[in-house]
Every structure is written in C-alpha cells, then in structure tokens.
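Colleague: Sequence and predicted structure, then a few things I'm wondering about:
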Amino acid sequence: MSWAETFRTSWSAVRGHKLRSLLTVLGILIGIAAVILTVGLGLGTQKDVSQQISSLGSNLLIVTPGSSTDSDGLRGGFGTAATLTRSDAEALASSVNTPDVGAVAPEKESSTSVEANDTNWTTTVVGTTVDWLDVRSRSVTSGEFFTQDDDDSGALVAVIGQTTATELFGTTNVVGQSLTIADTSFQIVGVLSSAGSSTDSDLDDIVVVPLTTAANTVSGGLDRNALSTVYIQAASADQLSAAYQESQTLLLNLHGITDADSADFTIDSQDSLVSTATSVYQTLTVLLTGIAALSLLVGGIGVMNIMLVSVTERTREIGLRKALGAPPWAIRRQFLVEAAVLGLAGGLLGAALGIIGAYTLPSALGTSIVISGAAVGGSVAVAIAIGIVFGVYPATRAAKLAPIDALRSE
Amino acid sequence: MAELLLDSGALVSGEPGDPVIELAGARKTYRSGTIEFEALRGIDLRIGTGEYVAIMGPSGSGKSTLMNIIGCLDVLTEGSYHLAGEDVGELDEVDLAEVRNRRLGFVFQQFHLLPALSAWRNVELPLIYRGIPAHERRERAVAALERVGLGERLDNRPGELSGGQQQRVAVARALVGEPALILADEPTGNLDSVSTEDVLALFDELHEQGRTIVLITHELEVAQRARRIAFVKDGLVQSDEVNPR
C-alpha cells in the first residue's frame, strides 16, 4: 500500500467523522496555540526589558546606594547617613582616579508634584549635571539643556520631557514657560526629545533640573547631598570592566571600606541588569511553557482516546482489509497516519491561532509577543509527533486484530 | 515474501484438474484454558481447478473452521494444506496476508463492504494491497463491476444499493484480483429469494467461465447449485459426491 493511498484512506476516515475529528483537533490546537503564545510572550517581555535597559544609554555602569550581596541582603538604608553623595560622583568624574571613565551623571531623583498654571502633575524630578544628556543618550528637541553655569549657580531652570509637557501645558511647545516645584518657580529652558516608554516607566515623564538646584531647592535638609543613582559611562566598550574596577576601588576607599563584600553601594553593568531581569522572565516563560505543554499532553491523550474508539468501531473494516490481504504493517500505518493527520491539523490550526493571537493580544495586554519561527515550526512538528506517539498503541492494537474475530464482530 | 509467490497471471491459468486445494489429514484444535476442542479431526479434501464445490454441514460441524483454514485466515494444528500448489501451513501472518490477497477472493454473508466508499472504491481494495497503480486499479474495478452487471452503479455507495447488488459488488471485489479460488461463506444468507437466485446465477456463470468456487452453506437448495457437495459433520468429511443436478 503506497503512502499516497494510506494518506487518502486516513483522510477520508478523518473526514468521515467531522465532529469527532474536530474536537480531537481542538485539544491539540489549544495546546499548540498556548505554547506559541507563552513562548512569544516570554520572548516579547525579554525584548521589552532589554530594550528598556539599553535605552538608559550605552556602556553604562549604574551605581546605587546600599549593598546587595548575597549574604546579608540590603545594607545601609534607613537611619544611616546617605551612602552615595555628590562628592562620590565628583571623585568618579575625576580622570586621575578613574582614567577609563568617560563621563559621569549623578542623579538625585524624587517623585514630586509639579504645578503649572492651574494644572498639577506628579512626576519624576531629576537633579543632575550637564553630562546627563550624553551619558543617558538623550537629546533636546526644542530650547537647550541647562549649562554648567546654571549648575554652579543653582539656577532655577528646568528641562522637561514630552509627556510631562503635554500633561501640564497640553503642548510640547513650552520653552520659556514656567512651572512650580516645591513652591519654587522654575523657567523651562528645553524640552527633551522622546525616548519612548516601556511598560513600567515613561522615560518622557521627567523634569530635569541642575543638581545644585535640586539639592538646595527641591530636597534640602540632611539628604541634600545624597544621590539616588550615579551613571558612569566608560570611555569605550572595551574599557567597561576597567572602569568598573576603578570605580569600585575608588568608592571603597572613599567610604573607608576594605572588604568589597561589605560595600555600601552596588555597581551594576547594563549587561548584568539585562541578564538579571531576563532570567526572571526566562524562568517564568519556562514555567508557563511547561503548563502549556501539559495541555498538549492532554490533547495527545485525546488523540489516543479517539483512535482507540476508532479502532474498536472499525474492527470489521480492519478484519475485512486483513482478509483482503492487508499485512499488519499496512493497518498500523493507516492508523498512525490518521493520528498524525489529526496532530498535523491541530498543529497548523494552533499555529494559525497563535499567530493571530500574537497580532491581536499585545494591544489588549500592553506587552509585546514575539513569534519565533522556531516556536511555530517546532510546535507543528511536536503536534505531528504527539499524534504519532499517541497513535502507536491504538494502531498496534488494530494491526494485531485477528481477521476472523474482527470479521465476526458486530 | 513477494518472491515466494508466482506471478498472479500464472495462478488462474492452471489446467483443469490441477489441484487448487489439497488438504491432507487436516486437524484443528482450539484450546481454551485446559479444555481442548477438536474442530477438524483429519480432513482430506482435494478440489481441482474449475470445480464448483459446496461445503455443507450443520452448525458446529467444523465447516466455519474449514472455511477459515481454506481462506488462510487460520492455520492448521496438524496436517497439511496446499493452496494452488503452495504449502501455506508454515506461513506467518504477513505471508498469509499476501496469499489471501493474491490467491483468494472472499464473498461474505454480511457483504463486508466499506460504507464510506463507492462501489468501485470497494472493488479496488484488494488491488491497493497488491501495490497496483491507481489508473489500472480503476480500470480493473470497473471491468469487474461490469462483469457482475453493475457497470451503471460505479459511484454508488453500498447504502444506495439493494442487498443483491451489494453482494454483487462483493463478488466483483472477489473477482478483481484474478484469484485462484473464490471462497463464498453463506453468500445468500442475508438475501431474499430473488437476490439469492441473482447471486447464484452469477456463480453459475463464473463457473462456466472456468473459475474455481468453494461455497460454504447450510442450505441444501443453495448447495444443490454446485457440481459437487462435500458434507462435513463433527470435524470430518461425511460424504463427498458429484451433484447430478
């Protein structure tokens, strides 16, 4: 019996029981679509996260106060003196101690209510230095960034992001307007070009002011010299690890700490942030894919069930085919191909559903779904394999039927 | 397995009188736990090419077992069976399937047509397992259906045909492979008298054309149509006589 003949016979058997075949296919279909979508969701989230982190700038080291060693968790937060200060940032910027560091952008960040005219908007106010623009890979679309003089003198000037401008003024054409932060009026000197938003932070919802101004006016008090983050840009990509070493040594010296394990600050590179963040999503993706794969298993059991029913129901047909000269392998192959056809149909329809989902769901969920060819191709292959694997037992049973008994069955 | 068989063309060209069936000392014992049941207790039977033989017997006589043995659906416990000159006693399941495919044409009481397939698709089934190309299968199936007078019913499904017509489709299926032997098991058991006459007339014609036919039945009227009647009882051939008609 040729393959073409086997396929034709199996196809007509599948078509002969439309509803039953459809329900069986549905089990596989749902599993395949679920696998494609969860893998796609995982990849999409990883892509979002790494995009978000790379949008911070390039060749960056990120210094944050507090330790995050494995042994003792976070150190030096509440009730202690600030562990990352303006003098740290100034020392890091000095090329004597840290020759491999290109530029340094300290950030003093606070979430503050900002007013303009009668409008009130809570946004992130960042105090920083003039190098911020370069280090963070940002640019100004209208007006100008503040100058070194502004920082030195603590001028009351601000550069704002597009989201903030739109929320406060209804337009992004706001250079020359003024806004009020902590009861102090600031003049807007520039508007940042859009950096895009990601799911959990809008990089365009920001007010940037000179660091001196932020220290004196926005926060003041004991915390005035404390920094929330220092962004260090290595002079080049090759110098990143040297810059890391120098920065760590310098900060340990400044803070009078001998043991690097008890540092009261943390230096992350972008790469390590990406891998930390994505590893979480990877774990989650693996977990979800595992659950989706379980539903495929259930679908496979459905195929087996329906094939067993089919064998029982067609005992006489099997007996007849054997009496007419079908060898056991031909019977086995016929049922295996039938199971594989069910699997293939489920795989193809599931892949189609997955791809449709990948185009329609992101707008509803607010996350990207990346459809990988490997996931689609792999799923379809797995679906066929499931059909075959779960078809083996029923097909073997069919092949083993004795023709006399099979012909006599009612 | 293929090389052990002759070309199918050679099978039907046996000379009249050459044995198609040769059973010698055929015994078949069924075991069910510790209980043994001897269905065939030493049968000697020789049927030559072109013969039309009816095997008769009451139920429990062993005639169904004999039919299974002759049809290569079961194997003997003891004794030998040659079908068209070939010893089929020692064959395994795969080889038996091939012998059935090439040398035997079955006609069953229940017709055993596949309801989803049209008449000609049913008739071509034995040729599929012989690996014959599609266009040739179609030609031969159509010719066989025309032979049984159903040339106009090629595309009808069994459900659209009368009982007699269905049995004629089954006969066409038995003929299509040009087998050495047509083996009919109670072929008229499910038919009314008109259809019975119809099918038996067809067998008469086939016999006149030189086909070898073995007909298993418990109805004397049906058996009377054959040229020779073998009567089986208690696993033995009681009588084996030429039917004067």
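Modeller: Done, it's in.
Colleague: nearest residue to A:S21 other than its sequence neighbours?
Modeller: A:V14 (4.8 Å; CB to CB, 6 or more residues apart in numbering or on different chains). All C-beta spots, glycine's among them, are computed from the backbone N, C-alpha and C.
Colleague: Tell me which stretches of the chain form strands.
Modeller: No chain in the question, so chain A it is. A:60-65, A:67-69, A:73-75, A:101-116, A:119-128, A:140-143, A:157-160, A:178-181, A:184-192, A:206-210, A:229-234, A:265-269 (DSSP state E).
Colleague: switch to chain B, that's the one I care about
Modeller: B:19-32, B:35-48, B:52-56, B:78-83, B:86-87, B:104-107, B:181-185, B:213-217, B:228-233, B:236-242.
Colleague: Buried deepest among those strands, which one?
Modeller: Greatest average neighbour count among those goes to strand B:104-107 (a mean of 27), per mean count of other CB atoms under 10 Å in any protein chain shown.
Colleague: Which residues are in contact with A:S54?
Modeller: By CB atoms under 8 Å, 6 or more residues apart in numbering or on different chains, the contact list for A:S54 reads A:Q270, A:V274.
Colleague: so where's chain A uncertain?
Modeller: Scanning chain A for pLDDT under 70 picks out A:67-82, A:196-201, A:220-222, A:410.
Colleague: ok, the longest helix along it near chain B or not?
Modeller: Criterion DSSP state H: the longest helix present in chain A is helix A:270-313. No: legend: contact between helix A:270-313 and chain B by CB under 8 Å from any CB of the partner chain is lacking; minimum distance shown is 11.9 Å.
Colleague: CSV for the strands of chain B, including mean pLDDT and distance to chain A?
Modeller: Below are these laid out as CSV (pLDDT from 0 to 100; distance: least, CB to the nearest CB, whole Å):
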stretch, mean pLDDT, distance to chain A
strand B:19-32, 91, 12
strand B:35-48, 92, 12
strand B:52-56, 95, 17
strand B:78-83, 93, 13
strand B:86-87, 90, 15
strand B:104-107, 94, 6
strand B:181-185, 94, 9
strand B:213-217, 94, 14
strand B:228-233, 94, 18
strand B:236-242, 90, 21
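Colleague: so can I have TSV of the ones you listed showing distance to A:D205?
Modeller: Converted to TSV, the strands of chain B look like this (distance: least, CB to CB, whole Å):
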stretch	distance to A:D205
strand B:19-32	85
strand B:35-48	90
strand B:52-56	96
strand B:78-83	91
strand B:86-87	90
strand B:104-107	83
strand B:181-185	87
strand B:213-217	92
strand B:228-233	98
strand B:236-242	102
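Colleague: Next, the contact list for the residue in chain A that chain B sits nearest to, please.
Modeller: For chain A, the residue closest to chain B is A:G325, as judged by CB to the nearest CB, at 2.2 Å. If a contact means CB under 8 Å, 6+ apart, then A:G325 has B:A97, B:E98, B:R100, B:N101, B:R102, B:P126, B:Y129, B:R130 as its contacts.
Colleague: Between those, which sits nearest B:G85?
Modeller: B:R102 (12.9 Å; CB to CB).
Colleague: from what I can see that closest one touches B:G177, true?
Modeller: Yes: the criterion here is CB atoms under 8 Å, and B:R102 meets it with B:G177 at 6.7 Å.
Colleague: Around chain A, which positions in chain B sit nearby?
Modeller: B:68, B:71, B:73-74, B:93-94, B:97-98, B:100-102, B:106, B:108, B:110, B:112, B:114, B:116-117, B:125-126, B:128-131, B:134, B:173.
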